[in-house]
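*Asks:* give me a 3D structure for the following:
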Amino acid sequence: MTGGGLILVVEDSEEDTEAIQRALSRSHPLLDLEFAPRSEDVLPRLLDPAARTPDLVLLDLNMPGIGGLALLSSLRAHTACASLTVVVFTSSTASAEEDACYAAGADSYIYKPVNFELFQTVLRGAVDFWLPRAADSTVTAAPPAAPPA
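*Replies:* So this is what the prediction gives:
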């Protein structure tokens, strides 16, 4: 998918933010990216009725203050955020953290590769997989019309 959409990236590392920006600007140039370096700012931003709802949230786990897992649990507890597609994109390879993220409602858990080419490939694959699904889940189809009586 090379079309538009909005991804909210919750990431405190400037290095990872830059890598995500570079990778997605190459593979998805029409995509809008919004970066949130602090978890504390994410829920108020998502609950703001004037703000554009992201099609996908990329969430880092290891954040200062409120960690990614706590933020994920908070998102799933709010009705307005419960259906957001949240992909945990982290450097943590701990299976216990992965299990905890899925239990808290993550749609996917993806390890951030160190190699930039692999990082770009993994990120492109995640966006190509999840962005169309997020768009489909926000579209409510009208029920089929009843046949004339």
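*Asks:* tell me who's in contact with Val87.
*Replies:* With contacts taken as Cβ atoms under 8 Å, 6 or more residues apart in numbering, Val87 has the following neighbours: Leu56, Val57, Leu58, Leu59, Ala106, Asp107, Ser108, Tyr109, Ile110, Ala126, Trp130. Bear in mind the C-beta positions are built from the backbone N, C-alpha and C, glycine included.
*Asks:* same question, Ala80
*Replies:* Under the criterion of Cβ under 8 Å, 6+ apart, the contact list for Ala80 reads Leu46, Leu47.
*Asks:* give me that answer again for 7 Å
*Replies:* By Cβ atoms under 7 Å, 6 or more residues apart in numbering, the contact set of Ala80 is Leu47.
*Asks:* helices or strands up against the lengthiest helix in the chain?
*Replies:* Secondary structure of the chain read by DSSP state H shows that its longest helix is helix 116-138. Identification of packing neighbours for helix 116-138 by 3 or more Cβ pairs under 7 Å, 6 or more residues apart in numbering; DSSP states H and E yields helix 14-27, strand 56-59, strand 108-111.
*Asks:* so what touches that helix?
*Replies:* With Cβ under 7 Å, 6+ apart as the contact definition, helix 116-138 has outside contacts at 1, 5, 19-20, 23-24, 26-28, 55-56, 83, 85, 87, 107-108, 110, 112-113.
*Asks:* among the residues you listed, name the buried ones.
*Replies:* 1, 5, 19-20, 23-24, 27-28, 55-56, 85, 87, 107, 110, 112 (16 or more other Cβ atoms under 10 Å).
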